[in-house]
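[1] Dropping the sequence and predicted coords here.
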Amino acid sequence: MSRTPALTFLLLALLALSAAPAPAQDTKPPYEDRLVRLSEIVGSVHYLRTLCMGVDEGWRSKMQALIDLEAGQQARRARMIAAFNKGYRSFASVYRNCTNVAVEAEELYRKEGLELASEIIARYGN
């Protein structure tokens, strides 16, 4: 299985996990920092894959679905959105054309995202 479908599957699995009741107000789940980092990675991957492949694969809509399910609290929602946008903008400010370095960066970010999503599911999915 290629990494893109695997990362997409893990994002969808996170969506399913997020259907559980939201934590109480002002609480932060133990996987919060990992989820924020994953949001940043998805933003980066979204920009780089769109740049290099010339087609939107729906990363933004998958991230929006995860935010809608996971981040009921406004502060958590804002953190996830800011992280996604940071990842997107950090590469948009550097890459206007697809290069070998951009392709390598996308592969590394996808790998990190796959590992993070797998870890979140394995540790907190029960």
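    It's in.
[2] Only the buried residues of stretch 92-99, if you could.
    Of all the residues in stretch 92-99, those buried under the rule 16 or more other CB atoms under 10 Å are 92, 95, 98. Every C-beta, even on glycine, is put in place using the N, C-alpha and C of the backbone.
[3] Same check on stretch 33-46?
    34, 35, 36, 38, 39, 40, 41, 42, 43, 44, 45, 46.
[4] of those residues, closest to residue 80?
    residue 39 (4.5 Å; CB to CB).
[5] dump the residue contacts of the closest one.
    Going by CB atoms under 8 Å, 6 or more residues apart in numbering, residue 39 touches 63, 66, 67, 79, 80, 81, 83, 84, 87.
[6] where does residue 29 fall, phi/psi-wise?
    phi -60, psi 160 (degrees, to the nearest 10).
[7] count of neighbours near it?
    Applying other CB atoms under 10 Å, we find 15 residues neighbouring residue 29.
[8] What of residue 100?
    So residue 100, with other CB under 10 Å, has 7 neighbours.
[9] now it: how far from residue 52?
    10 Å (CB to CB, to the nearest Å).
[10] Surely residue 92 and residue 50 touch.
    No. Here residue 92 does not reach residue 50: they are 9.9 Å apart, not a contact under CB atoms under 8 Å.
[11] need the longest helix for the protein.
    In the chain, taking DSSP state H as the definition, the longest helix is helix 100-124.
[12] same question for that helix, mean pLDDT?
    If you average the pLDDT over helix 100-124, you get 93.
[13] want to throw the buried residues of stretch 92-99 into JSON lines with secondary structure and distance to residue 116?
    Shown next, in JSON lines, are those (DSSP: H, G, I helix; E, B strand; the rest coil; distance: CB to CB, whole Å):
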{"residue": "92", "secondary structure": "helix", "distance to residue 116": "22"}
{"residue": "95", "secondary structure": "coil", "distance to residue 116": "22"}
{"residue": "98", "secondary structure": "coil", "distance to residue 116": "24"}
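[14] a markdown table for the residues you listed, including distance to residue 105?
    Shown next, in a markdown table, are the buried residues of stretch 92-99 (distance: CB to CB, whole Å):
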| residue | distance to residue 105 |
| --- | --- |
| 92 | 13 |
| 95 | 8 |
| 98 | 11 |
